[in-house]
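1. let me see the structure of the following:
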Amino acid sequence: MCDAAAVTREHVPPKSFFPASLRTNLITVPSCLKHNLDNSKDVEYVRNVISTQHGANDASGEVFELTKRSLDHSPKLMSQTFRGMKPITVDGNETGAFPIDLVRHKNVMSTIAYAMYFQNKQRKHRGDWRIFTPSFGYAPSVLGGQPDPWKGLRQYLDSGQYTPIQVAHPEVFKCDLIDMEENQTMYRFTFYERIVVNAITQFQTLVNW
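-> Predicted structure coming up:
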């Protein structure tokens, strides 16, 4: 991701996304100390957010135990994570909706994308990533029933012919990709068989988000 000396190994995704029983044969890539450690607070925040999403699997439930300890330890983090939560009903079940810090989310997902790109292609991606998370709802639609302006993009991304990448624990993290023209690559990450995140290079030439 940068040209600093790679003196550590970075887990992809971060190890804390995996329950203790599923921390074997994880993907690692070379990393400088700064990029491996400096985003630990963002990693904790994003782990907490996605492990609490409605409909995630049992692996997420195990990680949620870590999440609860994290939130119990830091009332400030609890407040930051679930600020503005409002009750909603999903599939007949009462749950809650809260705003997500997309800057922190992008930071963590971009780091995963850089690492998977290096792991997959054995070279660094020299550029940015555009992150879109179809599993996150559009607030006016979720809370007020308004039309979702992102519906077309969600359908477009879901319709792609992705190639799966082998990973050790797909119940925690799956990765699929599409290699497109002009050296563009799009990844689809799936966490806990529920939360889908797309990461794409040079997205401006593909579609206007």
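2. any buried residues in stretch 158-169, and which?
-> Counting neighbours by 16 or more other CB atoms under 10 Å, one finds that the buried residues in stretch 158-169 are 162, 167, 169. Every residue, glycine included, has its C-beta placed from N, CA and C.
3. no, scratch that, I was asking about stretch 140-149
-> So, applying 16+ other CB under 10 Å, stretch 140-149 has no buried residues.
4. next, the distance between the ends of it.
-> Length of stretch 140-149, first residue to last, CA to CA, to the nearest Å: 10 Å.
5. surely Asn25 is in contact with Ala168?
-> Yes - counting by CB atoms under 8 Å, Ala168 is a contact partner of Asn25 at 4.0 Å.
6. quick one on the thing from earlier: which ones among the buried residues of stretch 158-169 are found in strands?
-> With strands defined by DSSP state E, no entry of the buried residues of stretch 158-169 lies inside them.
7. and for Lys15, the neighbour number?
-> A total of 13 residues lie near Lys15 under the criterion other CB atoms under 10 Å.
8. quick one, what contacts it?
-> Shown in contact with Lys15 (CB atoms under 8 Å, 6 or more residues apart in numbering): 23, 26.
9. list the buried residues in the top helix by length along the chain.
-> Longest helix of the chain, by residue count under DSSP state H: helix 102-121. Counting neighbours by 16+ other CB under 10 Å, one finds that the buried residues in helix 102-121 are 104-118, 120.
10. so the residue nearest to Gln53 when sequence neighbours are not counted bridges to which residues?
-> With CB to CB, 6 or more residues apart in numbering as the measure, Ile195 is the residue that lies nearest to Gln53, at 5.4 Å, once sequence neighbours are left out. Beta bridges link Ile195 to Phe191 when assigned by DSSP bridges.
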